[in-house]
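*Asks:* here is my input, please return the structure:
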Amino acid sequence: MIIQNVLNNNAVVARHQQREVIVVERGIGFRAKKDAKMALRDSMKVYVPEDQAKLKIATATIASLPSVYLDLAAGIIQEAEKRLQTTFNSYLLIELADHVHFAVQRLHEKIVLHNKLLWEIQVAYTQEYEMGEWALHQIAVQLHEQLPEDEAGFIALKFVSNDLNHQQTFNSLAFTQTLASLTKIIFYNLGLDMNVKTPDYQRLVIHLKFFLQRMYAAAPSPLSLKMEHYDYVLLKHLQQDYARAYHCMEDVDRFMQQKLAIAIPKNEQIYLTMHIARLAKSLTE
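*Replies:* Purely as a prediction, here's the structure:
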């Protein structure tokens, strides 16, 4: 492999087998130089983007994250693949690092996101949940941040959604059109320009992809169920303090009901509202 660009101490962009890839390993970027050769090692985590646009977005996202989160996520994924005896989508590395970073930010801001599906996740995805608990322990040890138990469930669902051995694909024209429509609704409501090259745009699209997969699929994810129990207090907090993001989510819900005859469950409404609020905050700062 030939190093093309150093992102941080733990990540570089390299050319491997005529393709540009992102390579993550503890200390790989320290003293690394452009055009230097390096050998592929088992300890490296390699993300192979589908195209140049996704490479740019991924590198920008990684560059925006403190390197400790990437290193932490790589270690968690490596242990999860070993314990669960599976292989994950390579993008899980970036998604998990970003998720943990966002969770820590919420912790500092005293925003609590309750996981009302925690019991269902513990029952349906026992091994993945145990890995989520292990991940929380690693976060506490390495970052000195004590995330709530709810996060073990959210992390478990990251493992489920990115498991290549149990992954469903949604590449239909209808799915693509719906994704584009939801993106336009959100940006129009927020009065923002759709700059597809920004990491914030790509994060939203990734969340919407998994959101739509859960809405379309009847199984196996418990998030695809219509949920009767939700965090009423948090929902009211979002309605009051993040009214614009919440109203934007309501427009998404109306679109889903009118075009697809799918009503968004309350817990999904909460999480989608928080992602929209995060997007609005990051693009207006």
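
*Asks:* all contacts plus neighbour counts: C-alpha atoms, from now on.
*Replies:* Will do.

*Asks:* which stretches of the stretch 151-285 of the chain have low pLDDT?
*Replies:* By pLDDT under 70, the low-scoring segments of the stretch 151-285 of the chain are 166-173, 176, 195-198, 217-230, 284-285.

*Asks:* rerun at 90
*Replies:* 157-158, 160-181, 183-184, 187, 190-235, 237-238, 257, 259-271, 275, 278-285 (pLDDT under 90).

*Asks:* and the helices in it?
*Replies:* With DSSP state H, counting those that start in this stretch as the criterion, the stretch 151-285 of the chain has helices at 173-190, 199-216, 232-241, 243-260, 266-284.

*Asks:* go through these and name the closest to Phe30.
*Replies:* Of all these, it is helix 199-216 that lies closest to Phe30, at 24.1 Å by C-alpha to C-alpha.

*Asks:* with just CA atoms, put that closest one into CSV.
*Replies:* The C-alpha trace of helix 199-216 is given here as CSV (Å, rounded to 0.1, in the frame of the first residue of the first chain):
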residue,chain,number,x,y,z
PRO,A,199,-20.1,15.2,6.4
ASP,A,200,-23.3,16.4,8.1
TYR,A,201,-25.3,15.8,4.9
GLN,A,202,-23.8,12.3,4.6
ARG,A,203,-24.5,11.5,8.3
LEU,A,204,-28.1,12.4,7.8
VAL,A,205,-28.4,10.3,4.6
ILE,A,206,-26.9,7.3,6.4
HIS,A,207,-29.3,7.7,9.3
LEU,A,208,-32.2,8.0,6.8
LYS,A,209,-31.1,4.9,4.9
PHE,A,210,-31.3,2.8,8.1
PHE,A,211,-34.5,4.5,9.1
LEU,A,212,-36.2,3.6,5.8
GLN,A,213,-34.9,0.1,6.0
ARG,A,214,-36.5,-0.3,9.5
MET,A,215,-39.8,1.3,8.2
TYR,A,216,-39.9,-1.0,5.1
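
*Asks:* how far does that helix sit from the chain's center?
*Replies:* 8 Å (C-alpha atoms, centre = their mean, to the nearest Å).

*Asks:* re the thing from before, and the helices of the stretch 151-285 of the chain as a markdown table, adding mean neighbour count and distance to Glu50?
*Replies:* Formatted as a markdown table, the helices of the stretch 151-285 of the chain follow (neighbours: other C-alpha atoms under 10 Å; distance: least, C-alpha to C-alpha, whole Å):
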| stretch | mean neighbour count | distance to Glu50 |
| --- | --- | --- |
| helix 173-190 | 15 | 16 |
| helix 199-216 | 18 | 14 |
| helix 232-241 | 14 | 36 |
| helix 243-260 | 17 | 28 |
| helix 266-284 | 18 | 24 |
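
*Asks:* distance to Phe159 added to those helices, as a markdown table?
*Replies:* Formatted as a markdown table, the helices of the stretch 151-285 of the chain follow (distance: least, C-alpha to C-alpha, whole Å):
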| stretch | distance to Phe159 |
| --- | --- |
| helix 173-190 | 22 |
| helix 199-216 | 12 |
| helix 232-241 | 25 |
| helix 243-260 | 26 |
| helix 266-284 | 18 |
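
*Asks:* which of the ones you listed sits closest to Val112?
*Replies:* Nearest to Val112, of the helices of the stretch 151-285 of the chain and by C-alpha to C-alpha, is helix 232-241 at 7.7 Å.

*Asks:* from the contact counts, what lies against that closest one?
*Replies:* Judged by 3 or more C-alpha pairs under 8 Å, 6 or more residues apart in numbering; DSSP states H and E, helix 232-241 is in contact with helix 266-284.

*Asks:* can you give me how far the helix it packs on is from the chain middle?
*Replies:* Centroid separation for helix 266-284 versus its chain: 13 Å, with C-alpha atoms, centre = their mean.

*Asks:* helices or strands up against it?
*Replies:* Using 3+ C-alpha pairs under 8 Å, 6+ apart, helix 266-284 sits against helix 199-216, helix 232-241, helix 243-260.

*Asks:* distance to Glu79 for the ones you listed - can I get that in a markdown table?
*Replies:* Formatted as a markdown table, the helices and strands packed on helix 266-284 follow (distance: least, C-alpha to C-alpha, whole Å):
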| stretch | distance to Glu79 |
| --- | --- |
| helix 199-216 | 23 |
| helix 232-241 | 33 |
| helix 243-260 | 36 |
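
*Asks:* which one, of those helices, ends up nearest to Val13?
*Replies:* helix 199-216 (16.7 Å).

*Asks:* so that closest one versus helix 173-190, what angle?
*Replies:* Following axes from the mean of the first three to the mean of the last three C-alpha atoms, to 10 degrees, one obtains 130 degrees for the angle between helix 199-216 and helix 173-190.
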